[in-house]
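Asks: dropping the sequence and predicted coords here.
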Amino acid sequence: MGLMGDKARLLETDRFVHAPDDGRESELPMDAMEAAEAAEASDAVTETGHRRAAEAGDTAAMSALGALLLRRGDLDGAEPYLRSATAAGDRAAANNLGVLLHQRGYADEAAGWWRIAAVAGSAAAAHALGRHHRERGDEPAAEYWLRQSAESGHCLGAYALADLLEHRGDIGAERWFRAAAERGHREAAYRLARLIEDGRETDRRAVPAYGELTQEAEAEQWYRQAAARGHRRAALQLGTLLEDRGDVQEAGRWYLSAAKDGEARAACALGFLLRDAGDEESAAEWWRRAAQDGDGNAANALGALHADRGELQTAERWYRVALDAGDVNGAYNIGLLCAEQGRAGRGEQWYRRAAYAGHREAANALAILLLQRGDASGAEPWFSKAAEAGSVDAAFNLGILFAGRGEERMAHAWYERAAAAGHTEAALQVAIVQLREGEEQAAERNLRCAAGGGSPEAAFRLADLLDRRSAEASDAGPADGGRTPDDESTEWYERAARQGHRRAQVRVGMFAAARGDVVEAATWYRAAAEAGSRNGAFNLGLLLAREGSLPEAALWWQRAAEGGHGRAALRLALLAARRGALAEAQGWCARAVELGPPEVAERAARLLTALQEELSA
């Protein structure tokens, strides 16, 4: 325990000799050695004066001399002076005598002297006595004496009382952290900021009154005060707050300040800022420093950096460092590394290690491996464990698992859970069920969520839903029948088409053809056809035929017919019949009859009969 003397009292009893000001303002300041020598000389003069006064029986001098010797570490020299001053009723001496005895290991005797000084009004002694009782588990007595100290304006007493109250969950802690922080206690300022940021004050309004700071602004104010006084965790938290707000440059300065003071998490955060700024080498250096100081997140970041560069052995080494630092992400990342290298067996071992340690994504990855192996019963509990731990992907995968078994209700429940957490494909699956059940409003919400998350299928279905709704409102036919779609449905069709959705590409091509833009229509039809769309191939053939390119049109119709398009088969039959290839025409007619739809099958059947008659004539 450090020196707890009554500072005001000690200052009163000190004697300082000030040299007269001779006006030499331009004189160079002393260097560090000269300053130390001057301070030592001043202490010597002060000590000599106190000794003379103490020998003459001056109680204040005895107390001041004892405090000076105690600060110097001369316990044997300090004790007789402090005992003499204490016997004469000096409360500062009683407090410092308690400090001396505590340093010697006589805690109970120290507490007795602290009690005497505290009863006499020493706030420092009340603080020391309160800490003594807390160390022995007597919290009521600790609170009593710490409150006496805090209410007397003692900064350390206010902090210790706040710490005790917060440990008990008492909302009064905030008041005393604030009192200590306002007196310059940096740890109190930091903890007050954390308390405010966590929203633990029950009497704080959600919307501040005019002139009041918001929670975030007040937390920032206290973080700044603590960080400015060298509190490295406060500098880290301030940097995090600023980074979240988008003030990356100032955040970087605080991270750098904390990192230079040895805060590994700040060095790691600084590394991420540098990486995002494109300076991978500097980022790696700070991650390396943080990793060497035991930061597992930094070691994982280094591993990922080397993995991206193809340096897999180095990556695995850093992942192992992360694991040794207690970061289970290291095991998961080694599992991913093994999976990428085709070492599924080794990957499974690492996934299991991480999963057993509670890593939810490792549990999900392990379940996927088991499912791929055909072990659905082994996969299910791991999916469930991961989903219950909050893995959105695992919840979606459970939906797939149950859907594969035909357990639609359970599948829908897991899809809904994943969709509620923002999973794009899960939202699409929920919307499909809702559309099937006629719940269009709910389906639209989920389709918007999935489409906004980048699902082209959701974008297409949303466009189709809006298009049909618009058609019903205007009593017109659907847009693919020649009607112009509304602006929003067009936007979603086009978004899906740009994402490579074949049906959307065909639909957008039809809109372009309807307004006479043959070039754009051909572009979209061709994109869909080359991606395997039989409708795209058929429509492209129609467009080419109208432009007089029948040979190329026939090639696209053939691709469409081979993909199962009945109308394309009928077109090919007609082309073959016109050029006299009756046997070929008969074959395509038979294919058209097989593929349909009914009106196409009927026409193809009539043509087939005519061809058979022609061939038999």
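Replies: Cool, got the structure. Numbering: from 1, shown residues only.
Asks: can you give me the helices for the stretch 501-617 of the chain?
Replies: Per DSSP state H, counting those that start in this stretch, the stretch 501-617 of the chain carries helices over the ranges 502-514, 518-530, 534-546, 550-562, 566-578, 582-595, 598-616.
Asks: low pLDDT regions in this structure?
Replies: Residue ranges of the chain with pLDDT under 70: 1-45, 200-213, 475-485, 614-617.
Asks: quick one, domains of it?
Replies: 422-496, 500-510+517-563, 574-617 (automatic domain parsing).
Asks: sorry, back to before: make CSV from the helices of the stretch 501-617 of the chain and add mean neighbour count and distance to Glu250 to it.
Replies: From N, CA and C alone the C-beta is placed, and that goes for glycine too. Converted to CSV, the helices of the stretch 501-617 of the chain look like this (neighbours: other C-beta atoms under 10 Å; distance: least, C-beta to C-beta, whole Å):
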stretch, mean neighbour count, distance to Glu250
helix 502-514, 23, 45
helix 518-530, 19, 47
helix 534-546, 23, 53
helix 550-562, 20, 60
helix 566-578, 23, 64
helix 582-595, 20, 67
helix 598-616, 15, 70
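Asks: distance to Glu197 added to the ones you listed, as TSV?
Replies: Output for these, formatted as TSV (distance: least, C-beta to C-beta, whole Å):
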stretch	distance to Glu197
helix 502-514	46
helix 518-530	51
helix 534-546	55
helix 550-562	62
helix 566-578	65
helix 582-595	66
helix 598-616	69
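Asks: list the contacts of the residue lying closest to Ala277 once chain neighbours are set aside.
Replies: Spatial nearest neighbour of Ala277, chain neighbours left out: Val248 (8.0 Å); criterion: C-beta to C-beta, 6 or more residues apart in numbering. Residues in contact with Val248 (C-beta atoms under 8 Å, 6 or more residues apart in numbering) are Leu242, Leu273, Ala277.
Asks: could you dump the domains of the chain into CSV with distance to Asp324 added?
Replies: Converted to CSV, those look like this (distance: least, C-beta to C-beta, whole Å):
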stretch, distance to Asp324
domain 422-496, 34
domain 500-510+517-563, 44
domain 574-617, 64
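Asks: closest to Thr314 out of these?
Replies: Within those, the stretch nearest Thr314 is domain 422-496; the backing value is 33.4 Å (C-beta to C-beta).
Asks: just to revisit the earlier point, do you know which of the domains of the chain lies nearest Leu337?
Replies: Among these, the nearest to Leu337 by C-beta to C-beta is domain 422-496 (25.6 Å).
Asks: do you know how far the closest residue to Thr424 other than its chain neighbours is from Thr490?
Replies: The shortest distance from Thr424 to any non-neighbouring residue, by C-beta to C-beta, 6+ apart, is to Gly453 (3.4 Å). For Gly453, the distance to Thr490 equals 20 Å [C-beta to C-beta, to the nearest Å].
Asks: and if you look at Leu466?
Replies: Applying C-beta to C-beta, the value for Leu466 to Thr490 is 9 Å.
Asks: out of these two, which sits in the more crowded spot?
Replies: Between Leu466 and Thr490, counting by other C-beta atoms under 10 Å, Leu466 is the more crowded of the two (21 against 18).
Asks: who's in contact with that one?
Replies: Contacts for Leu466 (C-beta under 8 Å, 6+ apart) come out as Asp486, Glu488, Ser489, Trp492.
Asks: hmm, try it at 10 Å
Replies: For Leu466, the contacting residues are Glu444, Leu447, Pro485, Asp486, Asp487, Glu488, Ser489, Thr490, Glu491, Trp492, Tyr493, by C-beta atoms under 10 Å, 6 or more residues apart in numbering.
Asks: same check, this time on Arg233
Replies: Arg233 makes contacts with 186-187, 190-191, 194, 223, 226-227, 258, 261, 263, 265-266, as judged by C-beta under 10 Å, 6+ apart.
Asks: and these, which of them are buried?
Replies: Arg186, Glu187, Tyr190, Arg191, Arg194, Tyr223, Ala226, Ala227, Ala258, Glu263, Arg265, Ala266 (16 or more other C-beta atoms under 10 Å).
Asks: which of those residues sits closest to Ala355?
Replies: Distance to Ala355, by C-beta to C-beta, is smallest for Arg265 among these, at 25.8 Å.
Asks: what helix or strand does the closest one sit in?
Replies: helix 264-276 (DSSP states H and E).
Asks: other SSEs contacting that helix?
Replies: Where contact means 3 or more C-beta pairs under 10 Å, 6 or more residues apart in numbering; DSSP states H and E, helix 264-276 is packed against helix 232-245, helix 248-260, helix 280-292, helix 296-308.
Asks: in CSV: these, plus distance to Gly596.
Replies: Shown next, in CSV, are the helices and strands packed on helix 264-276 (distance: least, C-beta to C-beta, whole Å):
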stretch, distance to Gly596
helix 232-245, 59
helix 248-260, 61
helix 280-292, 59
helix 296-308, 52
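Asks: so which of those gets nearest Glu439?
Replies: Of all the helices and strands packed on helix 264-276, helix 232-245 sits nearest to Glu439, with 37.8 Å by C-beta to C-beta.
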